[in-house]
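Engineer: could you look at this predicted model? Sequence included:
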Amino acid sequence: MVNIPLLLMGCGGVGRQLLHHIISCRDLHSKQGVRLRVVGVCDSKSMVTIQDVLTFELGDEYLLQLCKVKSSGSSLNGLANFGECQVFSGQEIEKKVMDVAATLCRSSGLVVVDCSASSQTIALLNQVVNLYCCVVLANKKPLTSSLESYDKLVSHPRRIRHESTVGAGLPVISTINRILSSGDPIFRIMGSLSGTLGYVMSQVEGGRPFSQVVNAAKSLGYTEPDPRDDLSGMDVARKALILARLLGHRINMDSIKVESLYPVEMGPDVMSLEEFLANGLPSLDKDIQKRIDNASSNGNVLRYVCLIEESRCEVGIQEVAKDSALGRLKEVIMW
Ligand SMILES: NC(=O)C1=CN([C@@H]2O[C@H](COP(=O)(O)OP(=O)(O)OC[C@H]3O[C@@H](n4cnc5c(N)ncnc54)[C@H](OP(=O)(O)O)[C@@H]3O)[C@@H](O)[C@H]2O)C=CC1
Ligand SMILES: N[C@@H](CC=O)C(=O)O
């Protein structure tokens, strides 16, 4: 049996789903000769781990309890130290992650999984990858900051996996990598890359108010922690940048043309999330409905589309024919 120690950073919707998935796949993994040993879990304020990471792991019962604590909205801080389990907070976290990485990199290795939506993890990821740990990303930010930081991370291609940054686990990245490694060129990528905006655009077509649909997408766990990250187009722009860089385009975020679905006065620097959801969002309903109606009178629908072609990289709303590949997308088809 190959034991693979795993440390999870971020225990929100995606992180918890990953833990549940690992637990529910124990039999399958054992048939495959693999055991994923979860040796640490972090949220934004705390880290839970065990004293002896070489021998022990956080048990499945404990992980399920931890998921319950997190889904109730509490911090991991609320989990008291007991038995082998220890809780660290504040600046101790980074030191402890490095301790765990340094201990395990010399023996079985360590997989660090980033399921946060934070850019604060970038420095730590670069350090652990240098210790020969493997890094798995759902978080797009480590791949979409400066080119220098991107180059550092991807300079260890065998130690980085990020399939769920674009396509939420659909084999988008691996397909592109296979095409490129076969020597075939990719001239153009066009798609609806946002689960949230795919859902929103197809639901408003049916007559539901925009604000109601965005709130539903948030409850379903499709949106980023702040749904303005999706509505501003920034989350799609990050996916576009990841794909463009994969194709070899040496570009940064500021090279991407991004259309936002709300005005700057409703941005995070000006308005709290609560105020945006309560007042800002509903005030956008009419305008979006008007755009939908206009498109519909031309026999078309609106889709939030990403286009990457030569040096052009843009994301924004497009009116597309109802029976086109993009027009036929309904709800969450392609993330
Ligand atoms: N939703 C989806 O379907 C998909 C999401 N993704 C990506 O997955 C990531 C997570 O999304 P989601 O689970 O919905 O987001 P959530 O907001 O539900 O969870 C984010 C988690 O990250 C934690 N966190 C924040 N900062 C740090 C930090 N510096 N170190 C460690 N943990 C931190 C948060 O802690 P705390 O609990 O204390 O706030 C929280 O537990 C995002 O980057 C998203 O883009 C990728 C594919 C699909
Ligand atoms: N907020 C994102 C989640 C995955 O990255 C989306 O809606 O696609």
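Structural biologist: It's in. Ligands and ions are numbered 1, 2, ... in the order given.
Engineer: which residues of this structure lie near ligand 1?
Structural biologist: Residues of the chain that fall close to ligand 1, judged by CB under 6 Å from any ligand atom: 9-15, 42-45, 75, 115-118, 120-121, 138-140, 164, 168, 195, 221-222, 224-225, 335. All C-beta atoms are positioned from the backbone trio N, CA, C, and that covers glycine.
Engineer: filter the residues you listed down to the buried ones, PyMOL style.
Structural biologist: This is the PyMOL syntax for the buried subset of those, where burial follows 16 or more other CB atoms under 10 Å:
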select buried, resi 9+10+11+12+13+14+15+42+43+115+116+117+121+138+139+140+164+168+195+222+224+335
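Engineer: which members of the residues of the chain next to ligand 1 are positioned in strands?
Structural biologist: 9, 42 (DSSP state E).
Engineer: Ser149 contacts Ser155, doesn't it?
Structural biologist: No - assessed by CB atoms under 8 Å, Ser149 is found out of contact with Ser155, at 10.8 Å.
Engineer: who has more neighbours out of those two?
Structural biologist: Set Ser149 next to Ser155 and count neighbours by other CB atoms under 10 Å: Ser149 wins out with 18 against 12.
Engineer: the helix or strand that one falls within: what's the following helix or strand?
Structural biologist: Using DSSP states H and E, Ser149 sits within helix 147-154. Under the assignment DSSP H and E, the closest C-terminal helix or strand after helix 147-154 is strand 160-161.
Engineer: give me the contacts around that next one.
Structural biologist: Identification of contacts with strand 160-161 by CB atoms under 8 Å, 6 or more residues apart in numbering yields 129, 134-137, 153-154.
Engineer: from these, which single one is nearest ligand 2?
Structural biologist: Proximity of these to ligand 2 (CB to the nearest ligand atom) peaks at Leu137, which lies at 10.9 Å.
Engineer: in the sheet, who's paired with the closest one?
Structural biologist: According to DSSP bridges, the residues that bridge with Leu137 are Asp114.
Engineer: that one and Asp114, how far apart?
Structural biologist: For Leu137, the distance to Asp114 (CB to CB, to the nearest Å) stands at 5 Å.
Engineer: do the same with Ala138
Structural biologist: Separation of Ala138 from Asp114 (CB to CB) stands at 7 Å.
Engineer: mutual contacts of those two, please.
Structural biologist: Common neighbours of Ala138 and Asp114 (criterion: CB under 8 Å, 6+ apart): Gly10.
Engineer: and the helices in the stretch 1-150 of the chain, which stretches?
Structural biologist: Along the stretch 1-150 of the chain, the segments classed as helices by DSSP state H, counting those that start in this stretch run 13-24, 26-31, 60-71, 92-105, 122-130, 141-144, 147-154.
Engineer: okay, these, which one's buried deepest?
Structural biologist: Most buried of the helices of the stretch 1-150 of the chain by mean neighbour count (mean count of other CB atoms under 10 Å) is helix 141-144; its value is a mean of 23.
Engineer: in the stretch 151-300 of the chain, which residue sits nearest ligand 1?
Structural biologist: Pro225 (3.5 Å).
Engineer: list the contacts for that residue?
Structural biologist: Pro225 touches 12, 117, counting by CB under 8 Å, 6+ apart.
Engineer: torsion angles phi and psi at it?
Structural biologist: Per-residue torsions, Pro225: phi -50, psi -40 (degrees, to the nearest 10).
Engineer: what's the answer for the one 10 residues further on, then?
Structural biologist: Asp235 adopts backbone torsions of phi -70, psi -40, taken as degrees, to the nearest 10.
Engineer: check the gap between it and Leu197 for me.
Structural biologist: Counting by CB to CB, the gap from Asp235 to Leu197 is 9 Å.
Engineer: neighbour count winner among these two?
Structural biologist: The neighbour count for Asp235 versus Leu197, taken as other CB under 10 Å, is higher for Leu197 (28 against 25).
Engineer: need the three-state assignment for the more buried one.
Structural biologist: Counting by DSSP: H, G, I helix; E, B strand; the rest coil, the backbone at Leu197 sits in helix.
Engineer: ok, back up a step: with mean pLDDT added, can I get the helices of the stretch 1-150 of the chain in JSON lines?
Structural biologist: As requested, the helices of the stretch 1-150 of the chain are exported to JSON lines (pLDDT from 0 to 100):
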{"stretch": "helix 13-24", "mean pLDDT": "98"}
{"stretch": "helix 26-31", "mean pLDDT": "98"}
{"stretch": "helix 60-71", "mean pLDDT": "94"}
{"stretch": "helix 92-105", "mean pLDDT": "97"}
{"stretch": "helix 122-130", "mean pLDDT": "96"}
{"stretch": "helix 141-144", "mean pLDDT": "98"}
{"stretch": "helix 147-154", "mean pLDDT": "95"}
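Engineer: many thanks, we can stop here.
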